[in-house]
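>>> can you look at this prediction? I've put the sequence above it.
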Amino acid sequence: MSPSEVVVVPGGEELLELTVRNLGGEPESFGLVANGFLQGWTVIDPSTISLPPGGESVVRVAVRPPRRWAVPAGSSLLTIRIVSHRVDEAVAIAESTVTVLTFDDRRFGLAQPVQRARRRADFDVVLENDGNSRAVPTAPRQCRPAPGRSVRSAIARRRPG
């Protein structure tokens, strides 16, 4: 499979090519299936090919990780199984390393203030982290929400003026 290593941004797409050869003496049909962690984000086109003896075909493999907090950043092995439609034939495997990059999707907000007196109120800061990396804000109180989580933190009381 080429290239042997790719880097992809969540929400983006990276294309790989895989060359399949029929080394046998008879026409053969092959099915291609993605395995492992990246299986749900991988599209193989075409996923079934028929080749004459000595023939070869190039298959396109698209890796499309969604832009969601549940997609972890880091490297994973993409494995494509090439299965002969004949029962007695062996299975071939092609591999490539896919690195998913981090992305930030964070929002800060103020919750409804609790009024304590005429000129005084307490405010809560809400940090929502929908990115795939840990949020590390510098606020009066440190909070580190995990990907896909929210944190509410009370901020110091301040008098107006």
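Nice, thanks for sending it over. Residues are numbered from 1 along each chain as shown.
>>> Ser75 is in what secondary structure piece?
Taking DSSP states H and E as the definition, one finds Ser75 inside strand 74-84.
>>> which secondary structure elements does that strand sit against?
Counting contacts by 3 or more C-beta pairs under 8 Å, 6 or more residues apart in numbering; DSSP states H and E, strand 74-84 packs against strand 14-21, strand 28-35, strand 56-63, strand 91-100. C-beta coordinates here come from the backbone N, C-alpha and C atoms, glycine included.
>>> so which of those comes closest to Ala73?
strand 91-100 (5.4 Å; C-beta to C-beta).
>>> list of residues touching the closest one?
Under the criterion C-beta atoms under 8 Å, 6 or more residues apart in numbering, residues 1, 3-10, 14, 16, 18, 38, 61, 63, 65, 71-84, 132 lie in contact with strand 91-100.
>>> then stretch 59-73?
The contact list for stretch 59-73 (C-beta under 8 Å, 6+ apart) reads 1, 6, 8, 10-20, 32, 34, 38, 41-46, 49, 78, 80, 96, 98, 100-103, 105, 129-133, 147-148.
>>> which of those residues are buried?
1, 6, 8, 10, 14, 16, 18, 20, 32, 34, 38, 41-42, 44, 49, 78, 80, 96, 98, 100, 103, 105, 129-133, 147 (16 or more other C-beta atoms under 10 Å).
>>> mind checking how far the spatially most distant residue from the centre of the chain is from Ala111?
Seen from the C-alpha centroid of the chain, the residue lying at the greatest distance (C-alpha atoms, centre = their mean) is Arg118, 49.8 Å away. The gap separating Arg118 from Ala111 is 21 Å, by C-beta to C-beta, to the nearest Å.
>>> please point out which parts of stretch 43-62 sit buried.
44, 49, 51, 59, 61.
>>> for the last one, name its beta-bridge partners.
Translated: Val61. Beta bridges link Val61 to Leu16, Ile44, judged by DSSP bridges.
>>> model confidence for it, exactly?
Per-residue confidence (pLDDT) for Val61: 96.
>>> what's the answer for the second one, then?
In this model, Ile49 is scored at 94, pLDDT.
>>> ok, now Val126?
Reported pLDDT for Val126: 77.
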